[in-house]
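What would the 3D arrangement of this be:
(one chain, ligands or ions: 1)
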Amino acid sequence: MSQLKTKHLLGIKNLDREDIELIFRTASNFKEVINRPIKKVPSLRDVTIANIFFENSTRTKLSFELAEKRLSADVLNFSASGSSVKKGETLLDTINNILAMKVDMVVMRHASPGAPHFLSKHIDANIINAGDGTHEHPTQALLDTFSILERTGKVEGKKVVIVGDILHSRVALSNIFALQILGAKVMVCGPATLLPKHIKELGVEVETDIRKALEWCDVANILRIQLERQQMSYFPSLREYAQYFGVNKQLLDSLDKEITIMHPGPINRGIEITSDVADSEHSIILDQVENGVAIRMAVLYLLAGINPD
Ligand code: CP
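Below is the predicted model of the structure:
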């Protein structure tokens, strides 16, 4: 099989194991390409891609743009701030105006869960979800699971704990889906107030004691506390959060094992993770970023192979 079974990448939920393995094989080839002296291939010459970001981003936005340029696509970058969205233009009007300029693919980040799904019902271009509110962030989960595979040799059977603000995290949901499809065991750990009420129904283990979670896992993916999404106080203070749920060297050194440390970024150093952990040899945080380019090249390349109906 050399094609994805989907025209859009809206979420990991729409992929199966075959799709993910195809993305990984393609990403491995592109990773080799981007480490050559000449990093560019002509695969998407004549394809125009619009990166439409209604929310802030550093890694995802730059990584998609670089992936597109490495594939020789023509690239349009749109940020809601400074655009006519500020004059009241709707999402659909904005996108249709961009598509009228003959755009083939849309990469979109939006604060509303389901925004890319809504668009996919109204436009013909391929859509890639670059994060929709608290819902999904599929390319992040793909690059995370690819990075686990690269570091540990396999994902099947690995025990992965996702730590922190699960309630507001699109990274958590997409990672849970991707890890389960690939046969990993998943645990979530955080304060009870930041764990969704029905999270167990997704088939994950639930833990509120960080030491027990770290004793259980092979890999810890540590999430940022998303203060910008929190409408109320979910814990007494950041200091207390760091004390009870922060991952620090002292805690890791007290365990009788080595754990692979991940974080999707941006990091709040000293809150969910200390610098001596984030920058340690066990951390693959910057490998995740490097792999993000190869994974996004693979997704763009594979989706571009499907003609919109
Ligand atoms: N991991 C991630 O989505 O980072 P950005 O918000 O910087 O894109």
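
Only alpha carbons, please: show stretch 5-12 as CSV.
As requested, the backbone C-alpha atoms of stretch 5-12 are provided in CSV (Å, rounded to 0.1, in the frame of the first residue of the first chain):
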residue,chain,number,x,y,z
LYS,A,5,-7.0,5.8,3.1
THR,A,6,-8.0,9.4,3.9
LYS,A,7,-8.1,12.6,1.9
HIS,A,8,-7.6,14.8,4.9
LEU,A,9,-5.7,14.4,8.1
LEU,A,10,-8.3,15.6,10.6
GLY,A,11,-7.3,13.4,13.5
ILE,A,12,-5.5,10.2,14.5
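
For it, buried residues please.
Judged by neighbour count using 16 or more other CB atoms under 10 Å, the buried positions of stretch 5-12 are Thr6, Lys7, His8, Leu9, Leu10, Gly11, Ile12. Bear in mind the C-beta positions are built from the backbone N, C-alpha and C, glycine included.

Repeat that for stretch 265-273.
Buried residues in stretch 265-273 (16+ other CB under 10 Å): Gly265, Asn268, Ile271, Glu272, Ile273.

Can you verify Leu149 is assigned to a strand?
No - when classified by DSSP: H, G, I helix; E, B strand; the rest coil, Leu149 is found to be helix rather than part of a strand.

can you tell me which residues contact it?
Phe24, Val155 (CB atoms under 8 Å, 6 or more residues apart in numbering).

again, only this time at 10 Å
Taking CB atoms under 10 Å, 6 or more residues apart in numbering as the criterion, Leu149 is in contact with Glu21, Phe24, Ser28, Val155, Glu156, Lys158, Leu182, Asn291.

next one: Lys5
Asn14, Leu15, Asp16, Glu18, Asp19, Leu22, Ile306.

In stretch 195-202, which residues are buried?
Buried residues in stretch 195-202 (16+ other CB under 10 Å): Leu195, Pro196, Ile199.

Roughly how far does Thr152 sit from the ligand?
Distance of Thr152 to the ligand, given as CB to the nearest ligand atom, to the nearest Å: 21 Å.

can you check Arg59 too?
With CB to the nearest ligand atom as the criterion, Arg59 and the ligand are 4 Å apart.

pretty sure Gly11 contacts Leu142?
No - if you go by CB atoms under 10 Å, Gly11 and Leu142 don't touch, sitting 11.1 Å apart.

Find the nearest non-adjacent residue to Asn97, please.
Glu89 (7.9 Å; CB to CB, 6 or more residues apart in numbering).

any common contacting residues for Gly11 and Leu142?
By CB under 10 Å, 6+ apart, the residues touching both Gly11 and Leu142 are Ser174.

Cross-check the buried residues of stretch 195-202 against the ligand and keep the overlap.
By CB under 6 Å from any ligand atom, no member of those lies near the ligand.

out of those residues, who's nearest Thr94?
Pro196 (31.1 Å; CB to CB).
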